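> based on what follows, work out the 3D shape:
(2 chains)
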2 protein chains.
Amino acid sequence: MGTTYAALDERLSDLDVDGYLLDADGEDSNQYYLSGYHAPDRFITLYSQRGVVLLMSGLEYTRAKTDSSADEVRKLSEFEYAANVEAFGPTEGRIRSLVDFLAAYDIDSVAVPETFPTGVADGLREFDISVVADAEDTVDTIRAVKSAEEIEHIRTAQKANEAAVRTVEALLTDATIDGEFLYYEGEKLTSEFARTAVEKTLIDHGCSLDDSIIACGPDSARAHERGSGPLRAHTNITVDIFPKHNATGYNADMTRTFVKGEPSEQVTEWYELTYDAYRAALDTVRAGITGEDVHDAVCDVYEAAGYPTLRTDESTEDGFFHSTGHGVGLDVHEAPRIGLGGEELKAGHVITIEPGLYEQGVGGVRIEDLVVVTEDGYENLTEYHTDLVID
Amino acid sequence: MGTTYAALDERLSDLDVDGYLLDADGEDSNQYYLSGYHAPDRFITLYSQRGVVLLMSGLEYTRAKTDSSADEVRKLSEFEYAANVEAFGPTEGRIRSLVDFLAAYDIDSVAVPETFPTGVADGLREFDISVVADAEDTVDTIRAVKSAEEIEHIRTAQKANEAAVRTVEALLTDATIDGEFLYYEGEKLTSEFARTAVEKTLIDHGCSLDDSIIACGPDSARAHERGSGPLRAHTNITVDIFPKHNATGYNADMTRTFVKGEPSEQVTEWYELTYDAYRAALDTVRAGITGEDVHDAVCDVYEAAGYPTLRTDESTEDGFFHSTGHGVGLDVHEAPRIGLGGEELKAGHVITIEPGLYEQGVGGVRIEDLVVVTEDGYENLTEYHTDLVID
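Numbers count the residues shown, from 1 in each chain, chains lettered A, B, ... in the order given. Got it, this is the predicted structure:
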């Protein structure tokens, strides 16, 4: 008897198929979750009544046997891979070996994740294997609820994250103001310099990230803009860091907004409202309410103050123009959604709460914590002050 | 008139479809190549007679308008996204908006990459959009031939890589031998310590990588094993680094094998043979021969010395059990294949040449350079000695 996932068994039964099939590299989080194996190239994972079986290239086979969490590891060469590639080319040859592999496990029909490769799905169908995309993305749903061990992995990553934010705060503390610019050790302090300091801090904590956001003024109003050039005094500097812990693969996420110098009235108002929205969202979080409920709490605060949200204008580029948050785990962005249409929260979901206010061409503010949903509230994995002004 | 790709136009004509459709995040290299846009979440790229058009979430729209290379950027809210999600849920709602978007461009049929999401392909088919997976992966084929600018990006990444290998070599040079272990500044020198030094060197050169291979003895015979624990004297230390340059997204790749102390006769023999195989492969490289021809040159050397290769035993785990190389660009592993079934080489292909010999449980050696294929040979992007022994 191999590994079992009750939710997956139920889904297979609902869809009336024999197994769940993945074809992705080990960077794909569903693949890693089911196989316990990281590989740079694509491989096959089959989940069925006989547990989890991997189908690997010869290159990966030796390591997969010892390092994966699968119940069984097979290799392509057992299924005439070289002869198939020789006769039919690499694409169809691989599909023919996959068909033989499925036959060896009596699999005539499979469910696949929504992102399963179309070329492989269509190829299997030509050999009369039934392939149905799982619109519910059951593995994502299973992954969204974290075990105590997974929560500890995320907590470890968030500790590294706090150290990284502290690195930026220390740069700002030590910086001097001359006109509109900040200077550190005699040089203009830039986003790039701060980002390098962040990356090295993360490495020292066993984490990695190559695209942290350290965005000043107008840059911060452009979603996922990393920021570049000199950091300025008296305006917002948004620091959004989402490292992956290398040993475990789990991510963390947090944002703080700082001002070195005197914030404008506008930034101060944005920040106070955003703090209120952040508190309102946190006060809402518990198992049984929905991600949309949490998002509504944020929208209520902003709309009451006259700012647009996606609820009042789905195409707004100013005001609060993003969701309140998202799940975090093996992916930085994963289930559940904390926004329009967000599903019911369960104990063990790890989610961000990240309201923000922006004006294109001017600037913005955002505060983001990472919390675990519990039966009657949440546990905050983030230990970092929310002060705006750095002296 | 928008962007055109002659090879893609020809493929669309062969397949008798109206456009080429991608649905992936900006980490997907085909997506980035066509859109010029990095986003953490999935978005749509459509290539047709009207050029390249993106379909973005409201969150990404503002930045995509200025930062992408697309001819046009549209947003989901123009296609009743919120109403569709409200009525049909996020999966079908997004597909309905995508169908409306395609209708706006008179697209009834599309080709998609082999990796296009099955859930979306099947969803479009339910709305009578014809979807055919492009078995030739035309965008991969286009990407494989690099422009002069792309080659410079890869050269820059390989320069960073050389600095990283030099960091490891310097650690080994400075290390002292006590018994079977190496010591650096009074501590046992480990894979982990060396990997951290590599990562920091790469950051200083604008690159990143979180899984470089610094594998000693038996670890090095396990494909893609990163290595862990103390580095040992008198045995092989395989250093395989493949950084991405953050600003451009282009990768590099190189491997050197070092011994600190006295190599065994076996390792010396493996190394000399591997150097011969590496020279034989390089001597073969030029436009017009195939990746399989290059691989054959390596197999000839190893087989003549009595070692198994994938050509003599497709399931071997010892000897030369991997391909000779692969293309490198926006992906570390991309077209062309330099192995069994490898396609014809073209001028502008950037490929690795990386023969190696291994014995499970004992160790292995590998030498890897990165070269540009030219009409009459190659240009080597790698400037690093191939000496085995570090004094």
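> contacts (any at all) between chain B and the worst-scoring helix or strand of chain A on mean pLDDT?
Using mean pLDDT, DSSP states H and E, helix A:58-67 stands out as the lowest-scoring helix or strand of chain A, at a mean of 90. Yes - Helix A:58-67 lies within reach of chain B by C-beta under 8 Å from any C-beta of the partner chain, at A:58-63. Just so you know, the C-beta spots here come from the backbone N, C-alpha and C atoms, and that holds for glycine as well.
> can you pick the most crowded of these?
Among the residues of helix A:58-67 next to chain B, residue A:60 has the most neighbours (other C-beta atoms under 10 Å in any protein chain shown), with 26 neighbours.
> pretty sure it contacts residue A:42?
No - proximity of residue A:60 to residue A:42 does not meet the contact threshold set by C-beta atoms under 8 Å, at 10.2 Å.
> who touches the least confident helix or strand of chain A?
A:36-37, A:39, A:41, A:43, A:54, A:56, A:70, A:73, A:75-77, B:221-225, B:310, B:314-317, B:321-323, B:360 (C-beta atoms under 8 Å, 6 or more residues apart in numbering or on different chains).
> and the nearest residue to residue A:208 once chain neighbours are set aside, how many neighbours does it have?
Leaving aside its sequence neighbours, residue A:208 sits nearest to residue B:210 (C-beta to C-beta, 6 or more residues apart in numbering or on different chains; 3.8 Å). The criterion is other C-beta under 10 Å. On that basis, residue B:210 has 19 neighbouring residues.
> and the pLDDT for residue B:210?
Residue B:210 carries a pLDDT value of 81.
> before we move on, back to that, what about the least confident helix or strand of chain A, distance to the chain center?
For helix A:58-67, the separation from the chain centroid amounts to 27 Å (computed by C-alpha atoms, centre = their mean, to the nearest Å).
> convert that helix to CSV, retaining C-alpha atoms only.
Extracted C-alpha coordinates of helix A:58-67, given in CSV (Å, rounded to 0.1, in the frame of the first residue of the first chain):
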residue,chain,number,x,y,z
GLY,A,58,18.0,7.5,-16.9
LEU,A,59,19.9,10.7,-15.9
GLU,A,60,17.6,11.4,-12.9
TYR,A,61,16.7,7.8,-12.0
THR,A,62,19.6,7.0,-9.6
ARG,A,63,19.0,10.1,-7.5
ALA,A,64,15.2,9.9,-7.6
LYS,A,65,15.3,6.3,-6.2
THR,A,66,16.9,7.6,-3.0
ASP,A,67,15.9,11.3,-2.7
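> residues of stretch A:271-284 that come out buried?
Within stretch A:271-284, the residues that count as buried by 16 or more other C-beta atoms under 10 Å in any protein chain shown are A:271, A:273-282, A:284.
> relative to residue B:348, which of those is nearest.
Using C-beta to C-beta, residue A:274 is the member of these that sits closest to residue B:348, with 50.0 Å.
> right, and that closest one touches residue A:358 too?
No - applying C-beta under 8 Å as the test, residue A:274 and residue A:358 come out as separate, 10.1 Å apart.
> between those two, which contacts overlap?
residue A:365.
> so residue A:285 sits against residue A:345, correct?
Yes - assessed by C-beta under 8 Å, residue A:285 is found in contact with residue A:345 at 7.0 Å.
> now do the shared contacts for these two.
Residues within reach of residue A:285 and of residue A:345 at once, by C-beta under 8 Å, 6+ apart, are A:294, A:351, A:373.
> let me know the closest of these to residue A:193.
Out of the shared contacts of residue A:285 and residue A:345, the member with the shortest distance to residue A:193 (by C-beta to C-beta) is residue A:351, at 31.9 Å.
> now residue A:380: phi and psi?
Backbone torsions for residue A:380, taken as degrees, to the nearest 10, come to phi -80, psi 120.
> so it bridges to which residues?
residue A:371 (DSSP bridges).
> got the contact list for it?
Contacts of residue A:380 (C-beta under 8 Å, 6+ apart): A:282, A:369-371.
> which single one of the residues you listed is nearest to chain B?
Of all these, chain B sits closest to residue A:370, with 16.2 Å by C-beta to the nearest C-beta.
> what about the helices in the stretch 201-350 of chain A?
A:265-284, A:291-304 (DSSP state H, counting those that start in this stretch).
> okay, the angle between the shortest one and helix A:265-284?
Taking axes from the mean of the first three to the mean of the last three C-alpha atoms, to 10 degrees, helix A:291-304 and helix A:265-284 form an angle of 150 degrees between their directions.
> figure out how far helix A:291-304 is from the centre of its chain.
22 Å.
> any part of that helix near chain B?
No - Helix A:291-304 stays clear of chain B (C-beta under 8 Å from any C-beta), getting no nearer than 10.7 Å.
> show me what counts as buried in that helix.
Across helix A:291-304, burial judged by 16+ other C-beta under 10 Å covers A:291-303.
> counting by contacts, list what it packs against.
The contact analysis (3 or more C-beta pairs under 8 Å, 6 or more residues apart in numbering or on different chains; DSSP states H and E) places helix A:291-304 against helix A:265-284, strand A:334-338.
> what about residue A:101, which helix or strand?
helix A:81-104 (DSSP states H and E).
> roughly how far does residue A:242 sit from chain B?
9 Å (C-beta to the nearest C-beta, to the nearest Å).
> out of the helices and strands packed on helix A:291-304, nearest to chain B?
Of all the helices and strands packed on helix A:291-304, strand A:334-338 comes closest under C-beta to the nearest C-beta, at 7.5 Å.
> okay, the angle between the closest one and helix A:291-304?
Going by the same axes, to 10 degrees, strand A:334-338 makes 40 degrees with helix A:291-304.
> burial count for the residue nearest to residue A:302 when sequence neighbours are not counted?
The shortest distance from residue A:302 to any non-neighbouring residue, by C-beta to C-beta, 6+ apart, is to residue A:320 (4.8 Å). The tally of other residues near residue A:320 (other C-beta under 10 Å) stands at 28.
> please apply the same query to residue A:149.
9.
> how is it assigned, secondary-structure-wise?
helix (DSSP: H, G, I helix; E, B strand; the rest coil).
> pretty sure residue A:217 contacts residue A:361?
No - the pair residue A:217 / residue A:361 is not scored as a contact, 9.2 Å apart, by C-beta under 8 Å.
> who has more neighbours out of those two?
Each of residue A:217 and residue A:361 has its neighbours counted (other C-beta under 10 Å); residue A:217 has more, 21 against 10.
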